[in-house]
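Asks: Provided below are the primary sequence and the corresponding predicted coordinates.
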Amino acid sequence: MAAEADLGEGLVDAEEGDAGEDWDDDESSGPEEPDEDSDEEAHASLSAPLTPAAAPTTAAAAAAACGPAVEEIIVLPATIPSPFPGRPPVLRFASPAETHVRVARIEDPAIAAQLKYKCQKVTPNVMKRIMRLAGFKKTSTEGWLVTWGKHMKAEDFRTLAPTQKINHFPNSFQLGRKDCLWRNMSRMQARHGKAVFSFVPDTFLLPRDRPLLRRVFPSSPAWIVKPNAAARGIGIKVVRSWNEVPKQGVIVQRYLERPLLVNGSKFDMRVYVYVAGLDPLRIYLAPEGLARFATHKYSFKKNTAADRFMHLTNYSVNKKNASFVAADEGESSGHKWTLTALFEHLRGQGIDTARIWDEITTAAIKTIVSVEDVLNSGVKANVKTPYCCHELFGFDFLLDAALRVWVLEVNVSPSMHTSAPLDQLVKGALLRDVLNTTGVAVPGQEPGVRTLTAADRAKHVQFVLSGVGDGILDHLTRDDCDTLMAFEEERARCGKLSLIFPAPTSDRFRGLFTLPRYNNMLLQVFSFTFSVSRTTFMLSEISLSQEWIRLFPRHCSQAVETLMAAASAPASVAGRSLRRGPAAAATPSPTLMPCSSLASAASLSTGSTARSTEVRAAAAREPGPTSSPRRPLPTSSHSFSVRATASDASPTASAISSPASAAGTVRASSEALRPLVLPSIIKRSASASQLRSISKRS
C-alpha cells in the first residue's frame, strides 16, 4: 500500500484539471448529439406543453385535435407544494422520456419571464429538453436560475447570485481527480484502519510513491496505470513490466485480474450518487444505473495486456471496436445494460444482489464522507448560500469473482448523453428527480440566508462540544424547525431516489467525520426517532416542551390534507389527465407521493402524559470503526412506542427501489426484530482534539 506519510498534501491546493469530468464516457453509439437549440421548432411538442387555458376541455375536443390514437396525457402542476402550510413551493420538472407527461406553465407572466437557464457548451440535450418542458428559456447572460455544466474553480463560485443553482460543489475535484481520490482514501485508511476503507485497490502516486511501488511491484502479476486527471479511458493501460511504468503524472493501481464475468466479458457498474447538500449532509442513491461491457472476451494471458477492448469497459474505448453492439430499447442487450437487467441476470445465477447493493451503498457513503470536510469548507468560503450548490456523482464500481465491490473512480460530471432509448430512459428520469429534489425556487420565493440567534448558537455549541444527542429534539428552536421541515420537503419530492444518509442506521458512519456537525446530529437523531426510511413505524405519542413548537407536528398533520386537496384540485393547482381518442373519459389524477414520516405524526397526541418506551424494530448493524456498547433507549420527554414489520430490517436503503430488490427479493437479516436502541451518537463525547478544533472554529 502507498506510504502514509504526507497523506494530507494536495487536499486543497491540487490543480483541478479535468477533475474527473466524464461528459462522453456513457454516450451511446452513433454520432455526437446535435445541439437541439439550433432548431427550436423541431421540438415544439416538448417546449410547449399543455396549459390550462389551451388544453381541450372535453374528450370530443381532444379526439378532434389529436386524432383517433389513444394516449393518456397527464398535465402536472407547474410547482410542487410544500406539505407544510405557509412554506413556498418549488418548480416542477418532468422527464422527456415520459411522453405522456407535461408540466403546466406558470401563469404569472412576470414570473414566467424569469425562468431562464444558462446553456453551456457541454449541457446535455436531455437537460435542455427538461428545461423547456418546465417553461425555461436558455440564456448566456446573467439572470439565469439553473445551469448544468463543467466544474469551476473554487473562487469562481463567489460570482454566483444567491438565487442561482449550479450542479457542483467547490473542491469536488477531490473526488473526481484520481490522485486526490486516493489521497483521501489513504488518509481515511491511516486514521480508521485499512479494513474500513478496503474497497479501493492499493494505489501509488507517482513520483511520490515510486520507491514503494518498486518494492511491491513483483507481488502482483499486473498493474493498471491511470493519468491523474483524465477521463474516457484516455491514457489507461495494463502493464506487467517495471519498464512500462511512467515516472510521473499518474497513479498505479493493483490490477484486479479476476473480475466477475457476464457471458465471458468484463463489466463495470455506473452508479449515480446525488449529494443534495452538505450541512446537513444528505446523500441519495439512484435506483437505476448502467452496466458497461468490454467488447472482447476476457483473458488474463500475458499476450492480452495491450488489448484495451478486453481490459477496459469505458464506452469511449469500446465504441471504436467493430464488434461493438449498441444498446437498443431492450434493457439487457448489446454492450450496455441497465443495472436492473444486470441484477436480474445475477440473481438468476444465484448471486445475492441485495448484499452487493448494500456494499455499494456503504462504499458510496464512506467515499462522500471522506471529503465532507473539504467540501463544506469550500462552500462556506466561496458560496453566498448553500442553496446554490448540489452535485450528481458517477461512481464506477467493479465486482470481482469473489463478489467483492471495488470503487474504481468517481466522476464529477458523469455523461448525460442520451442518443439511445436506453440512455433516455435512465438519465431522463435521473435528472428529473435530481432537479425536483434540489428544489429550484419560484422567482421571488428563494430561501433566505438563515441567521442564527444567540440561543441557536448556544444550543449548537452545547451539543457539538458534548457530542451528546440525547435531548436535541426536546427544545427545538425555529432554526431547528426550518432545518427539519426543509429536510422533509426534500424527501417528499425526491421521486425514485433513495435517501441513504441520514438513515436510522447511519450512526455507524459517525466516527468517520472529521468534526461533528450540529445539523448532522439533529437529522441523525430525528431520522432514527421518526424512521426516515418510510417504513411502517407508528409513533403513538410525543410531547414537546415549548408551546409554539407544538405547532410543528400539527403542520405535519395537515400535510396529507394538503396533498390530497392538491390531487383533486383543477389543473392549475394539481395534476389532471386527458385521454386522447374517440371514447375518451376523464381519468384520475396521478397518484402523489405519500406524505413523509413527519406527516405520519398527524395522529400524535401532544398532550398525553403516558410515558412508554416499549420498542420493537429491526436494527441490523454493520460494526463501524468506532463501535461502542449500546445502551437501551433512555426515557425522556420524547417517549414513544414503535411497531415495525420485518421489512424494516434492512440496514440500508437497498430494499427501497434498488436493482437488488427489483424482483421483490429482500435479504433477511439473522438479527431481524431485536430491541431497538438509540445510536451511540446519543451518548458520545468528543475527543480533546475535536474540542480544540471546534473551539477555534467557533
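Replies: Yep, that arrived.

Asks: Do I have it right that Ala455 meets Thr477?
Replies: Yes - counting by CB atoms under 8 Å, Ala455 touches Thr477, with 6.1 Å between them. C-beta here means a position set from N, CA and C on the backbone, and glycine is covered the same way.

Asks: what about those two, which has more around it?
Replies: Remark: of Ala455 and Thr477, Thr477 carries more neighbours, 17 against 12, as counted by other CB atoms under 10 Å.

Asks: contacting residues for that one?
Replies: Thr453, Ala455, Asp456, Lys459 (CB atoms under 8 Å, 6 or more residues apart in numbering).

Asks: For burial, what's the neighbour tally of Ala503?
Replies: Counted with other CB under 10 Å, Ala503 comes out at 25.

Asks: begin at 39 from here
Replies: Yes, from this point I'll number from 39; that puts the last item at Ala541.

Asks: okay, it: pLDDT?
Replies: pLDDT, Ala541: 91.

Asks: That one is in contact with Ser565, isn't it?
Replies: Yes - with contacts counted by CB under 8 Å, Ala541 reaches Ser565, the gap being 6.0 Å.

Asks: quick one: low-confidence parts of the stretch 439-588 of the chain?
Replies: Low-confidence segments of the stretch 439-588 of the chain (pLDDT under 70): 569-588.

Asks: as a whole number, average confidence for the longest strand along the chain?
Replies: Longest strand in the chain, counting residues (DSSP state E): strand 303-316. Strand 303-316 shows an average pLDDT of 96 in the prediction.

Asks: Neighbouring strands of the helix or strand just after that strand in the sheet, and parallel or not?
Replies: Moving toward the C-terminus from strand 303-316, the next helix or strand (DSSP states H and E) is strand 319-323. Using DSSP bridges, strand 319-323 pairs in its sheet with strand 303-316 (antiparallel), strand 536-539 (antiparallel).

Asks: Pull the number of nearby residues for Thr179.
Replies: Thr179: 7 neighbours (other CB under 10 Å).

Asks: What values do phi and psi take at it?
Replies: Thr179 adopts backbone torsions of phi -100, psi -180, taken as degrees, to the nearest 10.

Asks: So for the strand or helix carrying Arg385, what gets flagged as buried?
Replies: Using DSSP H and E, the element containing Arg385 is helix 377-386. Across helix 377-386, burial judged by 16 or more other CB atoms under 10 Å covers Leu377, Thr378, Ala379, Leu380, Phe381, Glu382, His383, Leu384, Arg385.

Asks: Tell me the one among the residues you listed nearest to Val363.
Replies: Nearest to Val363, judged by CB to CB, of these is Ala379 at 14.4 Å.

Asks: Do you know the pLDDT at that closest one?
Replies: Note for Ala379: predicted pLDDT of 93.

Asks: what stretches of the stretch 289-438 of the chain score poorly on pLDDT?
Replies: For the stretch 289-438 of the chain, the ranges with pLDDT under 70 are 365-370.

Asks: can you give me the helices in the stretch 389-538 of the chain?
Replies: Assigned by DSSP state H, counting those that start in this stretch, the stretch 389-538 of the chain shows helices spanning 391-408, 410-420, 459-476, 492-504, 516-530.

Asks: Let me have the ones you listed in TSV, extended by distance to Ile111.
Replies: Converted to TSV, those look like this (distance: least, CB to CB, whole Å):
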stretch	distance to Ile111
helix 391-408	35
helix 410-420	41
helix 459-476	17
helix 492-504	48
helix 516-530	25
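
Asks: Asn205 is nearest to which of these?
Replies: Using CB to CB, the helices of the stretch 389-538 of the chain put helix 459-476 closest to Asn205, at 8.2 Å.

Asks: Using PDB, write out every CA atom in that closest one.
Replies: C-alpha atoms of helix 459-476 as PDB (Å, rounded to 0.1, in the frame of the first residue of the first chain):
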ATOM      1  CA  PRO A 459     -33.600   4.900 -25.800                       C
ATOM      2  CA  LEU A 460     -31.800   3.100 -23.000                       C
ATOM      3  CA  ASP A 461     -29.900   6.200 -22.000                       C
ATOM      4  CA  GLN A 462     -33.100   8.400 -22.300                       C
ATOM      5  CA  LEU A 463     -34.900   6.000 -20.000                       C
ATOM      6  CA  VAL A 464     -32.200   6.000 -17.300                       C
ATOM      7  CA  LYS A 465     -30.900   9.600 -17.500                       C
ATOM      8  CA  GLY A 466     -34.100  11.400 -18.200                       C
ATOM      9  CA  ALA A 467     -35.700  10.100 -15.000                       C
ATOM     10  CA  LEU A 468     -32.500  10.600 -13.100                       C
ATOM     11  CA  LEU A 469     -32.200  14.300 -14.000                       C
ATOM     12  CA  ARG A 470     -35.900  14.900 -13.300                       C
ATOM     13  CA  ASP A 471     -35.600  13.500  -9.800                       C
ATOM     14  CA  VAL A 472     -32.300  15.400  -9.200                       C
ATOM     15  CA  LEU A 473     -33.900  18.800 -10.200                       C
ATOM     16  CA  ASN A 474     -37.100  18.100  -8.200                       C
ATOM     17  CA  THR A 475     -35.100  17.100  -5.200                       C
ATOM     18  CA  THR A 476     -32.800  20.100  -5.200                       C
END
